[in-house]
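In: mind folding the following:
(chains A and B)
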Amino acid sequence: MSALLVQPLVGGHTGAAPAHTGLAAGHPGFLSPSGVEIVFVLVGLVTLGAALVTVTTRQLVHAALWLVVALGGIAVEYLLLTAEFIAWVQVLIYVGSVVVLILFGLMLTRAPIGRSPDADSGNRWIALVVSLAAAATLVTVVVDAFRATWIDLEERTGPGQGSSEVTGTALFRHWVLPFEALSVLLLAALVGAIVLSKRNSDAGSGSGSRPGSTDSVPARRNKAGES
Amino acid sequence: MDALDVTVRILAVLLAFLLLPLLVGQTEHKVMAHMQGRVGPMYAGGFHGWAQLVADGVKFAQKEDVVPDGADRRVFQLAPALALIPYLLVLVAIPVAPGGGVAQALDAGIFFVLAVMGVGILGSLMGGWASANKFSLLGGLRTAAQLLAYELPMLLAAASVAMAAGTLSLPGILGVWEWWWLPWQLVGAVVFFVAGLAELQRPPFDAPIADSEIIFGAYTEYTGLRFALFLLAEYAGIVVLSALTAVLFLGGWHGPFAEGLGWLWMLLKTGVLAFGVIWLRVSYPRLREDQIQRLAWTALVPLALFQIALTGVVKVVM
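Out: Numbers count the residues shown, from 1 in each chain, chains lettered A, B, ... in the order given. Presented below is the predicted three-dimensional model:
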């Protein structure tokens, strides 16, 4: 997501390259941070902390709620980087839909209040190694790719660099092929979910004597999840 | 934008947030009563019981704030705030008058509004889970199922307007609005309004809080001020939904003498829609849970997709 965020800014601003390099050369660097930069770091720390609590807490539903804080923190980071559109989409999709889906799943299966000791996984050390490796790879790639890129946070005239217009132009001009490939992937997942749930409900109605209306409910829930 | 300007705008939003939901609540008392051949509250405040909700507020504030023994204390106490605050934030982005008559013009206003409204549902979910009560859990489950089903048609209907206007900004949409958008976006308007009603859990979509079967669902264990906050969130939700529908589909401040009286038109359209919300509560029985799901997936989603296709075709042909 972050690569998607920064890349269009670079692509969209090649026309203004001279001004941009001048800006980069004249940038004071990290020693005299502006207010926005300080807030960015603080919000980043909160997000990191919330993410750590999400994976370490022993209370299942609390983990889901801390995930809200972590995802919301990322949305605030997008906002601070002037990527307004991406920020609201982040809130809409992740906080508004994905977390609601997780909570729905938890409440439907089991939602114990208090600790759930059986929720611990024996794979935690493997998970730690995998997550550290993934984080190291991502950080290295992103830092290496955007080392010399500066986002002008003070730009207030005209459409900002992260406005929906600029984002849309970048998405449908420079990145239209990955975008379409992703939509085909999602469509395939959607069709797959429908096929899987159809098969299950057929088996269910064949063996059990449940009323017909309940059989089709899982199919709808799956569809809801994919959207 | 200087400090005074910002202060005035914030105060205006706060005032609207505190006043309009109460106004809708009082109207609901009176309209429901008259539709059912009663007179409703008549004594509080003297003239036709205008101060009934103030009295209610005083009553709620005096009640003991009970947290059930088995509940998850902090989540339980946090839930009402999370249900209410998103609606306050949404009001910031809604334009009420032409030429800068909006507290904060946002570039991606539609997304902001829909995203933040979706967050409010988390309040009901948290309350439903943290109460440690079966009825509350059922209510929370139904709330989540309803949100998942109705978020999609609502987004699609809003996307249709954004396509028609060529912008995601709410003042921008009103800037290019024409009267013939009314019939053009009619299907989308109905889908948006119905889906919004379902998200607010207003009748006939009030299965998640059905008082006669699951005893107010997620709010079963709430008392006093926290329960009042949930109620206030419902009425603030009506105001926000009506105002949004007015902006997206009914032209917001457009009307005769819009330059001077734009805010009045906006208020009038919002009021008429809020009246419709109340009217629906009095007229229709509660939908069953499976009927609610079927309506979303088999009626609203196809209709919203049809509206998007129609918008696209007209946009290309014109």
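
In: state which helix of chain A is the longest.
Out: The helix of greatest length in chain A, counted in residues with DSSP state H as the criterion, is given as helix A:176-207.

In: please name every helix or strand in contact with that one.
Out: Helices and strands in packing contact with helix A:176-207 are listed as helix A:212-215, helix A:217-226; criterion 3 or more Cβ pairs under 8 Å, 6 or more residues apart in numbering or on different chains; DSSP states H and E. (C-beta placed from N, C-alpha, C; glycine too.)

In: what strand or helix carries the residue in chain B that chain A sits nearest to?
Out: As assessed by Cβ to the nearest Cβ, chain A sits closest to B:G118 within chain B, at 3.0 Å. Mapping B:G118 onto the secondary structure by DSSP states H and E places it in helix B:109-130.

In: what sits up against the lowest-mean-pLDDT helix or strand in chain B?
Out: The helix or strand with the lowest mean pLDDT-type score in chain B, counting by mean pLDDT, DSSP states H and E, is helix B:211-214 (a mean of 82). Outside helix B:211-214, the residues that touch it by Cβ atoms under 8 Å, 6 or more residues apart in numbering or on different chains are B:F135, B:L138, B:G139, B:R142, B:T220.

In: per-residue confidence at A:A111?
Out: A:A111 carries a pLDDT score of 70 in this model.

In: any idea how many residues pack against the nearest residue to it once chain neighbours are set aside?
Out: Beyond its immediate neighbours in the sequence, the residue positioned closest to A:A111 (Cβ to Cβ, 6 or more residues apart in numbering or on different chains) is B:W129, lying 5.5 Å away. B:W129 is flanked by 28 other residues according to other Cβ atoms under 10 Å in any protein chain shown.

In: residues contacting the residue in chain A positioned nearest to chain B?
Out: Distance from chain B to each residue of chain A (Cβ to the nearest Cβ) is smallest for A:G96, at 3.0 Å. Residues near A:G96 by Cβ under 8 Å, 6+ apart: B:L114, B:A115, B:G118, B:V119, B:I121, B:E151.

In: residues from the stretch 1-150 of chain B in reach of chain A?
Out: Taking Cβ under 8 Å from any Cβ of the partner chain as the criterion, the stretch 1-150 of chain B approaches chain A at residues B:70-72, B:75, B:106-108, B:111-112, B:114-116, B:118-119, B:121-122, B:125-126, B:128-130, B:132, B:137, B:140-141, B:144-145, B:147-149.

In: out of those residues, which are buried?
Out: B:71-72, B:75, B:106-108, B:111-112, B:114-116, B:118-119, B:121-122, B:125-126, B:128-130, B:132, B:137, B:140-141, B:144-145, B:147-149 (16 or more other Cβ atoms under 10 Å in any protein chain shown).

In: how about B:I308, what does it touch?
Out: For B:I308, the contacting residues are B:L156, B:A159, B:S160, B:M163, B:G188, by Cβ under 8 Å, 6+ apart.

In: switch the cut-off to 10 Å
Out: Listed by Cβ atoms under 10 Å, 6 or more residues apart in numbering or on different chains, the contact partners of B:I308 are B:L156, B:A157, B:A159, B:S160, B:M163, B:A164, B:V187, B:G188.

In: phi, psi of the last one?
Out: Per-residue torsions, B:G188: phi -60, psi -40 (degrees, to the nearest 10).

In: show me what contacts it?
Out: Going by Cβ under 10 Å, 6+ apart, the list of residues near B:G188 reads B:153, B:156-161, B:163-164, B:181, B:248-249, B:303-304, B:306-308, B:310-311.

In: cool, and the first one?
Out: Contacts for B:L156 were tallied using Cβ under 10 Å, 6+ apart; they are A:227, B:188, B:191-192, B:195, B:300-301, B:303-308.

In: and it, which of the three is it?
Out: B:L156 carries the three-state label helix when classified by DSSP: H, G, I helix; E, B strand; the rest coil.

In: what about it, distance to B:A55?
Out: Distance, B:L156 to B:A55, by Cβ to Cβ, to the nearest Å: 43 Å.

In: likewise the last one?
Out: When Cβ to Cβ is the yardstick, B:G188 and B:A55 sit 41 Å from each other.

In: next: the second one.
Out: Here the criterion is Cβ to Cβ. By it, B:A157 lies 39 Å from B:A55.

In: quick one, which of those two is more surrounded?
Out: With other Cβ under 10 Å as the criterion, B:A157 and B:A55 differ in neighbour count, and B:A157 comes out ahead with 28 against 14.

In: the more buried one and B:V190 touch, don't they?
Out: Yes - between B:A157 and B:V190 there is a contact under Cβ atoms under 10 Å: 8.5 Å.

In: what do the two both touch?
Out: Shared between the contact lists of B:A157 and B:V190 (criterion: Cβ under 10 Å, 6+ apart) are residues B:T245, B:F249, B:L300, B:L303, B:A304, B:Q307.

In: what does the one helix or strand A:A51 maps to rub up against?
Out: A:A51 belongs to helix A:35-56 when elements are defined using DSSP H and E. Residues outside helix A:35-56 that contact it (Cβ under 10 Å, 6+ apart): A:30, A:33-34, A:62-77, A:79-82, A:124, A:127-128, A:131, A:151, A:153-154.

In: could you point out which element follows it?
Out: Stepping forward along the backbone from helix A:35-56, the first helix or strand reached (DSSP H and E) is helix A:60-80.

In: may I ask you to confirm that B:V67 belongs to a helix?
Out: No - B:V67 sits outside any helix when classified using three-state DSSP, being coil.

In: number of nearby residues for it?
Out: Burial of B:V67, expressed as a neighbour count using other Cβ under 10 Å, amounts to 17.

In: can you give me the domain assignment for chain A?
Out: Chain A breaks down into these domains under automatic domain parsing: A:2-160, A:175-227.

In: ok, of those, where does mean pLDDT dip lowest?
Out: For those, the stretch scoring lowest in mean pLDDT is domain A:175-227; its value is a mean of 67.
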